[in-house]
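Colleague: predicted coordinates and the sequence they were generated for:
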10 protein chains.
Amino acid sequence: MEFLVRAENRLPLDTPEEESLRLRKAERARAQELRDAGILERLWRVPGRNAWVGLFEVPDATTLHDALTSLPLFPWLDVSIEPLATHPQEL
Amino acid sequence: MEFLVRAENRLPLDTPEEESLRLRKAERARAQELRDAGILERLWRVPGRNAWVGLFEVPDATTLHDALTSLPLFPWLDVSIEPLATHPQEL
Amino acid sequence: MEFLVRAENRLPLDTPEEESLRLRKAERARAQELRDAGILERLWRVPGRNAWVGLFEVPDATTLHDALTSLPLFPWLDVSIEPLATHPQEL
Amino acid sequence: MEFLVRAENRLPLDTPEEESLRLRKAERARAQELRDAGILERLWRVPGRNAWVGLFEVPDATTLHDALTSLPLFPWLDVSIEPLATHPQEL
Amino acid sequence: MEFLVRAENRLPLDTPEEESLRLRKAERARAQELRDAGILERLWRVPGRNAWVGLFEVPDATTLHDALTSLPLFPWLDVSIEPLATHPQEL
Amino acid sequence: MEFLVRAENRLPLDTPEEESLRLRKAERARAQELRDAGILERLWRVPGRNAWVGLFEVPDATTLHDALTSLPLFPWLDVSIEPLATHPQEL
Amino acid sequence: MEFLVRAENRLPLDTPEEESLRLRKAERARAQELRDAGILERLWRVPGRNAWVGLFEVPDATTLHDALTSLPLFPWLDVSIEPLATHPQEL
Amino acid sequence: MEFLVRAENRLPLDTPEEESLRLRKAERARAQELRDAGILERLWRVPGRNAWVGLFEVPDATTLHDALTSLPLFPWLDVSIEPLATHPQEL
Amino acid sequence: MEFLVRAENRLPLDTPEEESLRLRKAERARAQELRDAGILERLWRVPGRNAWVGLFEVPDATTLHDALTSLPLFPWLDVSIEPLATHPQEL
Amino acid sequence: MEFLVRAENRLPLDTPEEESLRLRKAERARAQELRDAGILERLWRVPGRNAWVGLFEVPDATTLHDALTSLPLFPWLDVSIEPLATHPQEL
């Protein structure tokens, strides 16, 4: 099933540049793995904010939780999720 | 996976008594079928309100939507749902 | 650019069945036209509600407004929209 | 009576790893005692968050308060509770 | 245990005067019974509104629900409740 | 007149134990004085939170403000108040 | 003591013109009485809305409730109130 | 000074077509007068809604109220306003 | 025109006493100047909070902004404002 | 298309004066560039707050995001945006 996921990135502004770069690089790599696994379908930026909206395809909420906590930035993300049901017109 | 479901019953107060009884009886019967099918696990009343909280076990949000729309009172229910993930301590 | 659109369908429950069917059929037809035109990319049901979430691709908010008001059910829809920015990882 | 309890874990990210592990281990042990005592009936993770939802069975709100404050992580938990009434269909 | 209960009275303004008087008289009588039974401890008006706040003493939320639904005006009340725990300084 | 007062205690968790104990002891003593003066009528704990609800009887809001600011923990309390009107059934 | 009072006027738009005029005239007369009695100190319009903000001086919330319910339009007013405390700089 | 004004049009859907057209034509004419008078500076549609956002230039809130209530659709508008201050960079 | 202004004082609790006293003294002096200039008409305390409500009379929102930023505590104030329109009954 | 943008400036109060001045000067310069480029059409202060409202003209939300993140103060801005559609009366 699909979920819309919103995440605000609360990484403190005073995080050392080196650590911040390392985290963001690792985040990109993990996000790519989630794409390759067919879990992360789409990703958008929330305009004007350090935040994203993602469309995830997972078997259930537990798998979604595992995917999100696997992100290196997860400890600093403020996440909310919204389950989606298939629309009959999509079939 | 499991979902917490909240539903406020907005059936108008001026619904004819006969129609109201018929709907409630059909609602009970359909709820029993959902229990027998293992879809409706628990059901509570929201104290002080014409509303309920239910714990549902379904494969995904689409099946949950189908279960909820199968309730005879569905057109008058104001429903919100919350997906739940398995807690490792439950295993 | 893309927009997430949420719409709650407030068509009154006492709408004559014939009128309701006519509206829903016309809605499906217009939605199909928006898909064929590449404006409506994805459509989901909000589980437990008479509501949908859609992903739209349009040049700007004015075109989006025109697409939404072209839906036969528009007068009864309670719509909110959210603009999305391209994420660099999507490129 | 039963209560739904929601708790967001606000333990600071800069808590020393050793202290964090000690707290989480003690939390698990205390939660197990609450289960063994029949107070904690069910426990879920809120997907995407460092948070849980629990179903508690206690005589009253004072006992619930005592159970929650007995959790080693309580000082860092942001808790909200919701009392539930028995639904006649559950009997 | 004790509960704070808030209720907004939504009885329509066009309710026939006779029916309105009958309901309010029956409401007063039932409220008095709840006082005599030790269930309704205190009652206040919300200043400026057709609403009240009450302090109830009941064994649990199910008994509270039964007490509230026994009020003749219940179908028109918009009720919210808040469970209270005993404060150690009260003992 | 009476007021319902809610207070969340935001005393930082890293307050030295000695200072915290001193403050809480002084708080209890001052609360007792307010009871003895007939100002603090009832006190409850908000279950699951470091917070309380109190019922105060004072001549007006200025006296209530003075009573609340006389609490040693006042600088750390997040307070909201609700004025109550006498209900004719209480007379 | 003083209270800030906000009131939205929900008198239905289809109220007969004659009845509406009668109510507004009676409202003005009663408001003038409250001014003459020193209860209504100031009155403002909420710009863009059929609503007002008033500054009331009354002994307590019960008197305020009585003053507000004495307004002929009271049954259609959606009122919220805010108690004010004297500022030491005002003395 | 300038104000941002938001207005949701709540004209009932069952308003007779002739009356609706008359109102909208009168609304357009009055809006044009407000433009010509330099009161209405800009006007936008809220995408997806029967609503608008306007930028008004008026001496004060009372003049703004008079301008808004002069709109033929005013009785059905749900209006909220936001005062704006001059930014030094605009000078 | 008049504005209702609300301000929560967020001056940190660990501000040195000397600095805090200096700021509060300067605040009182500046407030007095605003009163003498006819800008600050009334001032109240929000009961139970380190906050105030003020009634200001200024030509426009820009002058109000300048008056508020002239307060020595402004950097720590969380301010919200509400424009008021003259009520015809006040004339 | 046009967007209304709101931004609260959360630059910490303890930012060194020199750094604060440098940032504000750079902010003004970048804002001027956005004006010269026709991207920033209007700018207002939110009265009473360290915040602004701006009217932006950009091709889409991605360009808006790039314009906002190009502001030197962006890391400390809490931004929300609102897309606007052309009103037929503006043409």
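Modeller: Here it is on my side, so go on.

Colleague: from now on I want contacts and neighbour counts done on CA atoms only, so please keep to that.
Modeller: Noted.

Colleague: A:Leu84 and A:Gly48: what is the separation?
Modeller: When CA to CA, to the nearest Å is applied, the distance between A:Leu84 and A:Gly48 equals 26 Å.

Colleague: so is the longest strand along chain A next to chain B?
Modeller: In chain A, taking DSSP state E as the definition, the longest strand is strand A:77-86. Yes - applying CA under 8 Å from any CA of the partner chain, one finds strand A:77-86 touching chain B at A:83-86.

Colleague: and the end-to-end length of stretch A:40-50?
Modeller: Start to finish, the residues bounding stretch A:40-50 are 19 Å apart (CA to CA).

Colleague: in the longest strand of chain A, what counts as buried?
Modeller: Residues of strand A:77-86 classed as buried: A:77, A:79, A:81, A:83-86 (neighbour count, 16 or more other CA atoms under 10 Å in any protein chain shown).

Colleague: residues in contact with A:Thr69?
Modeller: A:75, D:48 (CA atoms under 8 Å, 6 or more residues apart in numbering or on different chains).

Colleague: all strands of chain A, in order?
Modeller: Listed in chain order, the strands found in chain A under DSSP E are A:2-9, A:40-45, A:51-57, A:77-86.

Colleague: kindly export the last one (C-alpha atoms) in CSV.
Modeller: Listed next in CSV are the C-alpha coordinates belonging to strand A:77-86 (Å, rounded to 0.1, in the frame of the first residue of the first chain):
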residue,chain,number,x,y,z
LEU,A,77,13.2,14.3,11.3
ASP,A,78,9.7,15.3,12.5
VAL,A,79,7.6,12.8,10.5
SER,A,80,3.9,12.5,9.9
ILE,A,81,2.3,9.9,7.6
GLU,A,82,-1.0,9.5,5.8
PRO,A,83,-2.2,6.1,4.5
LEU,A,84,-3.7,6.1,1.1
ALA,A,85,-6.3,3.8,-0.4
THR,A,86,-6.5,2.7,-4.0
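
Colleague: do that strand and chain J meet?
Modeller: No - against chain J, strand A:77-86 shows no contacts by CA under 8 Å from any CA, the least distance being 14.8 Å.

Colleague: what residues sit buried inside stretch A:60-73?
Modeller: For stretch A:60-73, the neighbour count (16+ other CA under 10 Å) marks A:60-65, A:67-69, A:71-73 as buried.

Colleague: so what pairs up with A:Ala51 in the strands?
Modeller: On the basis of DSSP bridges, A:Ala51 is bridged to A:Glu8.

Colleague: can I assume it is in contact with A:Arg6?
Modeller: Yes - taking CA atoms under 8 Å as the definition, A:Ala51 is a contact partner of A:Arg6 at 7.4 Å.

Colleague: what residues does chain A have near chain C?
Modeller: Counting by CA under 8 Å from any CA, chain A comes close to chain C at A:28, A:42-47, A:83-87, A:89-90.

Colleague: and the angle for the longest helix along chain A with strand A:40-45?
Modeller: As far as residue count goes, and with DSSP state H defining each element, the longest helix of chain A is helix A:17-36. Between helix A:17-36 and strand A:40-45, the angle comes out at 140 degrees (axes from the mean of the first three to the mean of the last three CA atoms, to 10 degrees).

Colleague: how about the strands of chain A in CSV, adding mean pLDDT?
Modeller: Below are the strands of chain A laid out as CSV (pLDDT from 0 to 100):
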stretch, mean pLDDT
strand A:2-9, 98
strand A:40-45, 98
strand A:51-57, 98
strand A:77-86, 98
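
Colleague: would you list these in TSV and tack on distance to G:Pro12?
Modeller: As requested, those are exported to TSV (distance: least, CA to CA, whole Å):
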stretch	distance to G:Pro12
strand A:2-9	41
strand A:40-45	44
strand A:51-57	42
strand A:77-86	38
